[in-house]
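Undergrad: Requesting a structural model of the entry that follows:
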Amino acid sequence: MLRSVVAFVLGNIVTLFMFTEGLARRPGEIRHVLERPALYVRSLLVVLLLVPLVALAVVEVFRLPTVVASAILLMAVCPGAPLQVNQAKALGANPSTSINLLLLLSVFALITVPAWVLGVDRLLGVEFKANPELVFRLLAVKILPPLAVGIAVRHYAPNVAKALAPWCSRVFSVLLLCVAVVLLFIVGPRLIHIAWLAILALVVLVSISIVLGHWAGGPRLEDRKAVALATAFAHPVLAMTIIIQSYPNYRALEVAGVVGAYIVIRLLSLTPYKFWVKRQRDTESSRRVPPGGVPA
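TA: Below is the predicted model:
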């Protein structure tokens, strides 16, 4: 019963997230993409190409077990994290850059995720059983239609969208947290013997991803932070959904448990970067204030 509930939630939570993001669209945000195309091209190349290649290298270097390797690789090839925008706002990143990246990554994932699923399976023999066409149809149904509906509600009924958005966001966050906790509780004992190796591999992957994202977002610090978060925050729900479609229920929960652990480890791995960019922001603020002046 519990497994069926978890599988149902994982299969539909992406739809809720994309609808919520549609409700948050603001007129004119897409113009930022046209104003700074080089920024978005670099960012997309890093997130969609370089981060998965780094994940392949990490899996090979650490010689991780299949279950852990499958989860890490899926997380690396599934971009567009739900928490990306909220974390960007908290860190003082450019909200337009973060939101536009999320939208672009969600659209490009329709092509890149099936391609990576097929490519990784052939290169490493990882036990992905998701047919690329099935993954494409799954993503097309769960990403574009709810996003379009959310945008339509925001455009034609802005007051309704304003009232719905925070509640949808809260429901999504609670569901994601509950599922992650349940998965960790179910499969935790089986992961003890590989925990430290997996943690080290994940920290290495997230750290390299942050460096690549920070570089791609230059020269403005607020854009660097937005892109760095986009590279580090893979889409756990999308990865879990593919797992549910790919594996029998028991194996799916085992791999998804590693994905749940990844969420926690990823957040902890971001801590040094958050401290560093905060110091950078404080330093820039102090430079703008003349001697004896008062900060604005």
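
Undergrad: Quickly find the element holding L56.
TA: helix 51-62 (DSSP states H and E).

Undergrad: packing partners for that helix?
TA: helix 66-77, helix 95-124, helix 195-216 (3 or more CB pairs under 8 Å, 6 or more residues apart in numbering; DSSP states H and E). Every C-beta, even on glycine, is put in place using the N, C-alpha and C of the backbone.

Undergrad: right, so the ones you listed: which one is the most enclosed?
TA: With neighbours defined as mean count of other CB atoms under 10 Å, these peak in mean count at helix 66-77, which reaches a mean of 25.

Undergrad: Relative to the whole chain's centre, how far out is that helix?
TA: Relative to its parent chain, helix 66-77 has a centroid offset of 14 Å by CA atoms, centre = their mean, to the nearest Å.

Undergrad: And stretch 226-245, by the same measure?
TA: Worked out by CA atoms, centre = their mean, stretch 226-245 lies 4 Å from the chain centre.

Undergrad: Stretch 63-76 too?
TA: Counting by CA atoms, centre = their mean, stretch 63-76 comes out at 16 Å from the chain centroid.

Undergrad: Alpha carbons of that stretch, as PDB, please.
TA: Extracted C-alpha coordinates of stretch 63-76, given in PDB (Å, rounded to 0.1, in the frame of the first residue of the first chain):
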ATOM      1  CA  ARG A  63      33.300   2.500  -9.100                       C
ATOM      2  CA  LEU A  64      29.900   2.900  -7.500                       C
ATOM      3  CA  PRO A  65      27.400   0.100  -7.200                       C
ATOM      4  CA  THR A  66      24.700   0.000  -9.800                       C
ATOM      5  CA  VAL A  67      21.900   1.200  -7.600                       C
ATOM      6  CA  VAL A  68      23.900   4.300  -6.500                       C
ATOM      7  CA  ALA A  69      25.300   4.900 -10.000                       C
ATOM      8  CA  SER A  70      21.800   4.800 -11.500                       C
ATOM      9  CA  ALA A  71      20.500   7.400  -9.000                       C
ATOM     10  CA  ILE A  72      23.500   9.700  -9.500                       C
ATOM     11  CA  LEU A  73      23.400   9.600 -13.200                       C
ATOM     12  CA  LEU A  74      19.600  10.100 -13.400                       C
ATOM     13  CA  MET A  75      20.000  13.100 -11.100                       C
ATOM     14  CA  ALA A  76      22.700  14.500 -13.400                       C
END
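
Undergrad: can you offset everything so residue one is 750?
TA: Sure, I'll start numbering at 750, so the last one becomes stretch 812-825.

Undergrad: Tell me how many other residues crowd L802.
TA: 10 (other CB atoms under 10 Å).

Undergrad: ok, now E809?
TA: By other CB under 10 Å, the residues close to E809 number 12.

Undergrad: For T764, see how far away it is.
TA: In this view, E809 and T764 are 35 Å apart by CB to CB, to the nearest Å.

Undergrad: Could you do A864 as well?
TA: 23 Å.

Undergrad: same deal with G829?
TA: In terms of CB to CB, G829 sits 14 Å off from T764.

Undergrad: which one of these two has more residues nearby?
TA: It is G829, of G829 and T764, that has more neighbours when counted by other CB under 10 Å, with 27 against 18.

Undergrad: My understanding was that the more buried one contacts L987; is that so?
TA: Yes - G829 lies in contact with L987 (CB atoms under 8 Å); the separation is 7.2 Å.

Undergrad: before we move on, the earlier item: Serialize the helices and strands packed on helix 800-811 to a markdown table and add fields for mean pLDDT.
TA: What follows is the helices and strands packed on helix 800-811, written out as a markdown table (pLDDT from 0 to 100):
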| stretch | mean pLDDT |
| --- | --- |
| helix 815-826 | 80 |
| helix 844-873 | 81 |
| helix 944-965 | 87 |
